[in-house]
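> After the sequence you'll find the predicted model.
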Amino acid sequence: MADTEKNAEVKPAAKPEKEKKDILDEIDDGDLILQNERESVPLTPENAVFTRSAGGLISLSLKKEDGTTEEFERVVILRAFPVTNPDEFLSVREGDGRQNERGHEIGMVRRMSDFDEETGKLFLEELDRRYFTPIILKITGVKEKFGFSYWDAQTTAGNVTFILNNPFNNIRVLDDGRVYINDLDGNSFLIPDAKKLDPYSYRKIEVYL
Amino acid sequence: MKLLFDLPEADQKALDAVRPPEEKTMYCLPFNIYEDRFVDGYMVFTGRHIYKLLEGELLASYSLENACDFKTEVMYGSCGFYGKFDGATVLLCQFVSGRNLPRYSVMVKAMEILTEDKDVTPVTDRTVERFCPKCGRPYIKNSSICPYCMDKKEVYRKLFAMTKGLRLLMMVPFFVSLFGIVCGFIVPKIQAIAVDKYITATDGADKNGFLLIVLSIIVIDLIQRALGVFRNRCAAIAGGKFTLVLKNLLYEKIQSLSIASISRRSTGDLMGRVNNDTGTMQGFIIGQLPDLFYQVVAFIVALIVMLIMSPIMSLFVFVPIPLTIFLVSKLWKTVETRNRKSWVLNTRTGRLLQDILNGIRVVKCFGQEEREITRFKESSVRASCQDESNAKLFDTIFPLIGFAIRFGSYLILLYGNYKLFQGEMTVGALHQFNSYANIIYGPLLWVTFIPRNISNFLTSASKVFEILEEEPEVRDIGLPIDIRIEGDIHVKNVTFGYETYLPVLKNVTADIKQGEMIGIVGHSGSGKTTLINLIMRLYDPNEGEIVIDDVNIKDISQEALRSQIGVVLQETLLFSGTIRENICYAKPNATDEEVIEAAKTANAHDFIMSLPEGYNTLVGEKGYSLSGGERQRIAIARAVIHNPRILILDEATAALDTETEKLIQDALNKLAKNRTTLAIAHRLSTLRNADRLLVLDKGRLAEFGTHQELLDRKGIYYKLVMAQRKMAMAAKELDA
């Protein structure tokens, strides 16, 4: 679709007035195309170089097919399968979307391991920050009050009290036994294997599994 | 919303050390994630710098000199606040979304104002908090009620005010309960006399006296039951009336609220308040409250009587009480969690079943019957296992509790018999005492439920009152004008956002002349529908004004305004009822002639006549199912019937096939004649008919002019048309 745009801009400049009048008659009626996206390309070590940006985030310099290079001051990296396949299919997107707009996709990284170790570290650093999911080590107390349940826990990110409004909905068990907890504030917590928790913690969470 | 938090002392010191004295703190917000750990840090915003502070240490400071592009990004499990400083994007801080995302979103706007407009007046924001500012606990869902901090007396007071006219009726259960208590104490006494004087009496007894006693027991019992019937009837009437009043009040209020406050809540939530919460209130006032009263009085009276009869034996009654209360409250939690779990599993099974039955075509098409059977089996087996284990546990627990409660009676029996043998107590007195002991246990079992019942009731009541007391946001001014609209619309410098800090429309100005047809074009999210919502005055603009025929729409009464605007939406909603009823929804007193006229204008007459019952055919959920195009044409007829001066078409022809679209387009063209028409559209055919096109881009008015003018301009619209043209040509080539 990037092509479409380019052609559209070149053609009319060459052909003046007359053609325009006929434009509408040539077209079968249809919806206007309201998207204006760039075409996503596979990103490999051959065409993409990721570096740490001046602001501590990730910059990308992308070699295009026509030999030119496009520089991105900052890119956002998202996982396509954050839960089931975190290290493959990473979507690299423009970082300069305005407030509440996701940037367009520049391309996808098939496997994180396609890139060298340095780049892998860079990816992981960004991804760990973006997918901030502390692991629950111990549940120290659960209190039910006014329709909410308050949980005290020790996690890899420190001690927390988190609030669930409906534990049966907020606690999600995957087929492989991992337990994800999403609290009222938007935090996510992970229990890799509930059965490996100490007996007290397990008793507290058991009923919801 | 709170945007200026108090800085801890240590942080304040660290800040004072680096901050020039003339810089004032404008905003101070918390952040809580730093280097993969939960922390309590603060971001301090002055007019010139942003300082990042954590535990008495200055982590970073950023100058606003060359700063731009502030934004928040929603990540997974947290959010980030970003900004661009000297061309380099920086993650300023990371925080948990729930409490702080709205605050930082405001900060984005505030920073924009600071850096671009150099305006140093702090912004304020009216967004409602989701957490209690006093105690930090979450509010009850979709409300601003903190169950911990709410003024309970206030709720009771309001409730009492609402019972006006029903009070006498509502007092009946209390009086009857009192009588019940009296009877409850008299009967054992009479029984005691019967035992002592007649049954165990060795000498020749007086038969008449005995008959009298039996008779009096029967009479008391009869009276008690008759009063019971009376009490329940009164309760039912009072309860029914109370709920009726409450429900109607609530429903009226909901209808009068603006779209803004209604769309803040889900339909389910509002329905819940009308149905369930009023029900909970009724149940409490009519059922639980008199019961509570009864139990408390009975307990106190029984206690006094027993103490008088035999202090030592009364003591025995209390021996098992602490144990029982402890057991009941402990076990009840388990019982409840387990019940809830089984309920969840059963609903899941039900939902699965519903899902599969709804999608049965998909299941069959893809040949997935086997898999779905297994899935359902797994789910239902889990649910039934849970039910079984619950039943096993409960069947063990309840007899045990029963035993614990009865334990006191055994002690009484033991001690009582000892007394009996010593001749210090009669059989009748023992029996009487035992009966009273049983009265005491009833209230005791209740104790554990009382707090929960009261808190449920208070929650429901405050949710209901919250709606009843809400001030409508869009409201008529003191003396609204009823004008006859001609159709000139002037949009003057309008800025609007559903959240004040996230403007959807930015400084839009457009003059629309009477009778013009305006096509509105733009990407999704560019503010097309919002603009129309503002013209219909479903919302009021934050800045600027909308003027129709030289009158600000705020001065026109909402009724007059809406009755002269006709709307056709992409999603057509037909209410359950006949076609005729649906067409004259906005004008219930329309004549048959008008209805047919409207249907003809909408090109709907012919297909309506082909239906078995013509205009009286039932449509909607239970009725005849119409195709999308047919429904659309009925919607058009509905818009046309009251001959609106302004017509609004919100993607009315998208999602239809070309043939139907032509019919509808034709109907719309007839409709648009001599009326000011605003049409959101993607179809070129619709746009071609428009006198002028209004192109919105990210909330700003990008282009405004005739089709030809915009093509000449080679702007956004031109690009869109060209892209469309290229697609069409490619399709043609493919066909060839």
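It's in.

> care to break chain A down by domain?
Using automatic domain parsing, the domain parsing of chain A gives A:41-130, A:136-206.

> Let me have those in CSV, extended by mean pLDDT, distance to B:E154 and mean neighbour count.
All C-beta atoms are positioned from the backbone trio N, CA, C, and that covers glycine. Listed next are the domains of chain A as CSV, based on pLDDT from 0 to 100; distance: least, CB to CB, whole Å; neighbours: other CB atoms under 10 Å in any protein chain shown:
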stretch, mean pLDDT, distance to B:E154, mean neighbour count
domain A:41-130, 87, 38, 16
domain A:136-206, 87, 17, 16
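
> Any chance of JSON lines for these, columns distance to B:H49?
JSON lines is the format used below for the domains of chain A (distance: least, CB to CB, whole Å):
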{"stretch": "domain A:41-130", "distance to B:H49": "17"}
{"stretch": "domain A:136-206", "distance to B:H49": "28"}
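
> What are the contacting residues of stretch B:456-472?
With contact meaning CB atoms under 8 Å, 6 or more residues apart in numbering or on different chains, stretch B:456-472 is reached by A:146-147, B:140, B:143-145, B:147, B:150, B:152, B:155, B:158-159, B:246, B:249-250, B:253-254, B:256-258, B:261, B:270, B:273, B:276-278, B:280-281, B:284, B:288.

> for chain A, what are the nearby residues on the stretch 451-600 of chain B?
B:455, B:459, B:502, B:521-524 (CB under 8 Å from any CB of the partner chain).

> ok, which pair from those is furthest apart?
B:S455 and B:V521 (53.5 Å; CB to CB).

> Which residue ranges of chain A form strands?
A:41-43, A:48-52, A:58-63, A:69-72, A:75-81, A:85-94, A:105-111, A:136-145, A:148-155, A:158-164, A:171-173, A:179-182, A:188-191 (DSSP state E).

> who wins for proximity to B:R338 among those strands?
The nearest among these, by CB to CB, is strand A:136-145 at 14.3 Å.

> and that closest one, which strands flank it?
strand A:148-155 (antiparallel) (DSSP bridges).

> Quick check: closest non-adjacent residue to B:D11.
Closest residue in space to B:D11, ignoring its immediate chain neighbours: B:L53 at 4.2 Å, by CB to CB, 6 or more residues apart in numbering or on different chains.

> how about the one you found, phi and psi?
Reported as degrees, to the nearest 10, the phi and psi values for B:L53 are phi -120, psi 140.

> count of residues packed around B:N32?
B:N32: 21 surrounding residues under other CB atoms under 10 Å in any protein chain shown.

> Report the contact partners of it.
B:38-41, B:95-96, B:100.

> of the residues you listed, buried ones?
Applying 16 or more other CB atoms under 10 Å in any protein chain shown to the contacts of B:N32, the neighbour count classes B:38-39, B:41, B:95-96, B:100 as buried.

> possible to save these as CSV with distance to chain A and secondary structure?
Shown next, in CSV, are these (distance: CB to the nearest CB, whole Å; DSSP: H, G, I helix; E, B strand; the rest coil):
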residue, distance to chain A, secondary structure
B:F38, 4, strand
B:V39, 8, strand
B:G41, 13, strand
B:F95, 10, strand
B:V96, 5, coil
B:N100, 9, helix
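
> okay, these in JSON lines with distance to B:P443 and pLDDT next?
Output for the buried ones among the contacts of B:N32, formatted as JSON lines (distance: CB to CB, whole Å; pLDDT from 0 to 100):
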{"residue": "B:F38", "distance to B:P443": "46", "pLDDT": "89"}
{"residue": "B:V39", "distance to B:P443": "50", "pLDDT": "89"}
{"residue": "B:G41", "distance to B:P443": "52", "pLDDT": "90"}
{"residue": "B:F95", "distance to B:P443": "50", "pLDDT": "89"}
{"residue": "B:V96", "distance to B:P443": "45", "pLDDT": "84"}
{"residue": "B:N100", "distance to B:P443": "47", "pLDDT": "83"}
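
> for whatever residue of the stretch 301-450 of chain B ends up closest to chain A, what are its contacts?
In the stretch 301-450 of chain B, no residue comes nearer to chain A than B:V344, which is 4.5 Å away by CB to the nearest CB. By CB under 8 Å, 6+ apart, B:V344 lies in contact with A:F168.

> Just give me the residue closest to the centre of chain A.
A:L78 (2.7 Å; CA atoms, centre = their mean).

> Grab the nearest non-local neighbour of that one.
In space, A:L78 is closest to A:S91, 4.6 Å off (CB to CB, 6+ apart).

> any idea how far that neighbour lies from chain B?
Going from A:S91 to chain B by CB to the nearest CB, to the nearest Å gives 13 Å.

> list the contacts for that residue?
Residues near A:S91 by CB under 8 Å, 6+ apart: A:77-80, A:105, A:108.

> related to what we said a few turns ago, report the contact partners of the residue nearest to B:D11.
Contact analysis of B:L53 by CB under 8 Å, 6+ apart lists B:7, B:11, B:14-15, B:41-44, B:59.

> confidence score at it?
In this model, B:L53 is scored at 90, pLDDT.

> What of B:M609?
We have a pLDDT of 89 for B:M609.

> B:A201 now?
pLDDT for B:A201: 68.

> Flag the shaky bits of the stretch 601-736 of chain B, pLDDT-wise.
B:621-623, B:652-658, B:736 (pLDDT under 70).

> what about the residue in the stretch 401-550 of chain B that chain A sits nearest to, how many neighbours?
In the stretch 401-550 of chain B, the residue that lies nearest chain A is B:H523 (4.9 Å; CB to the nearest CB). By other CB under 10 Å, 17 other residues sit near B:H523.
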